[in-house]
Each structure stands twice: as structure tokens, then as C-alpha cells.
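Peer 1: For reference, the sequence and a predicted model appear below.
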Amino acid sequence: MDVYLDGPDRNAPGPAIVLMYHRDGIDDFTKRVAGELSAADYLVAVPDVSHRVARDIPMADRKQFLKDSEVLADIRAAADYLRGRPDVDTNKLIIMGHCMGGRMALLGAGALPDFKGAVVYYGGGAHLSWGDEGKTPFDALRDIRIPVVGFFGNLDKNPSPEQVDRIDAELTRHGITHTFHCYDNAGHGFQNRTPGTAGEQAAAADSWAKTFAFLSDTASN
């Protein structure tokens, strides 16, 4: 499996992030996100979870071939790789993702004990099983043992505000520490709009600020 890496040049162990990509894969947007995180002293690894899919299938069409069990194996492999690096503090490992990557971040947070926190950007389809393997990310919410921060647009349809409320309620029901930020004038993918509406720009700026605050707090605990 290919893994895209971006990070600071450091000699001491520091925080690291497994970044799960959106539908367009490791594109300019994903690299820009990794670059923003790297500039803040986070080592970022982006696993190519579509590596089992035929290369002639366009990246945007590969989602239908993904299976949750294989995605989890890839998340675990990326986390294992980071833990094996001398410049990574294994107690400061975060999982993060946008769009379908946000869904994968929830999946990883609920199934794997590797992480200290999870950052979820407008991850839809949490109630669905990839590969018809039964358990969904929504089913695994009860197993999360780390703080979660989520960012969503109230104009989004996947996830819709109602779906976000369901996830919020389920996390609350199981006593899982989490904070969701929902933006009235933003829809899906508001961090990936150039230049975007005023509402999308405001949501992108605010969510970045809150993301870095969450990362700082989580890495310091």
C-alpha cells in the first residue's frame, strides 16, 4: 500500500496523524490539508485505501469497491508504520478525515485502540456497511474511547443534519466525549471550496482554528 507522507523535520518524537482521504483520493486538496498539518508540526500519513482496486478505475469510482475490514487493516498498517518511526510519539496519534475519510475516521476510532483523538469532517454514510460486512461505523460508535470533534454543514445532505444529530445522540448515549460544530451557511466539502461562498469560507476558517485547538489539547494530555 502506498502512503503519502508530509511532516516537519524533527529529531525528537512528536504528534502524528493518520489522515483518511476524501473521494478524490490523494489529490491537491488532501496534500494541502497534509501541508497545513505539517506546518503545525504534525507528521501526516495518508494511506491509499483503494490500493486493492484496479488502477484503471477512476479514483472517484473506487469507493464502491472498498470494504470496511480492509479499510481497518489499512488504518492499522498506517498507525503501525507511524508508531515504528523514531520521530513519532506513540501517545500522540490522531485519526482525521474529510468526506468519506470522515466516515473512515469514525470507523477507525471505534475499532482500533491506536488513537488519542479523532477529527471528523462531514463524514456521511456512517449507517452503511462497505462490503456488506454487517457492522457499520454507527454500530461501532459505542466502542470509541477517545475524544471526537466533528465539523458539518447544515446545508449538507450526506450527512444531513438529521444524520449528524443521530451520531451526536449515540455518542452522548454512551458517554463519549465529543463536540460537534455545525455551520448554517455551509454544505458538504466546505473546506474544499475555491474560493467558496462567504459561509463556506467562514466555516473553513473556523473549523481549521477549532481543529488545531483540539489537536493541541489532545496531544498535550
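Peer 2: Great, that's in hand. Numbering: from 1, shown residues only.
Peer 1: Could I get the buried residue list for the strand ranked longest in the chain?
Peer 2: When the chain is scanned for its longest strand (criterion: DSSP state E), the result is strand 88-98. Within strand 88-98, the residues that count as buried by 16 or more other C-beta atoms under 10 Å are Val88, Asp89, Lys92, Leu93, Ile94, Ile95, Met96, Gly97, His98. Heads up, the C-betas are built off the backbone N, CA and C, glycines and all.
Peer 1: Lowest mean pLDDT among the helices and strands, pick that one out for this structure.
Peer 2: Counting by mean pLDDT, DSSP states H and E, the weakest-scoring helix or strand in the chain turns out to be helix 198-220, with a mean of 95.
Peer 1: now for it, which elements pack on it?
Peer 2: Secondary-structure packing of helix 198-220 (3 or more C-beta pairs under 8 Å, 6 or more residues apart in numbering; DSSP states H and E): strand 14-20, strand 88-98, strand 117-121, strand 148-153, strand 178-183.
Peer 1: got JSON lines for the ones you listed, with distance to Val46 too?
Peer 2: Below are those laid out as JSON lines (distance: least, C-beta to C-beta, whole Å):
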{"stretch": "strand 14-20", "distance to Val46": "5"}
{"stretch": "strand 88-98", "distance to Val46": "10"}
{"stretch": "strand 117-121", "distance to Val46": "14"}
{"stretch": "strand 148-153", "distance to Val46": "19"}
{"stretch": "strand 178-183", "distance to Val46": "23"}
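Peer 1: Asp165 is nearest to which of those?
Peer 2: Ranking those by distance to Asp165, with C-beta to C-beta as the measure, places strand 178-183 first at 8.9 Å.
Peer 1: Can you tell me the centre-most residue of this protein?
Peer 2: Gly97 (1.8 Å; C-alpha atoms, centre = their mean).
Peer 1: Bridge partners for that residue, pull those for me.
Peer 2: Met20, Val120 (DSSP bridges).
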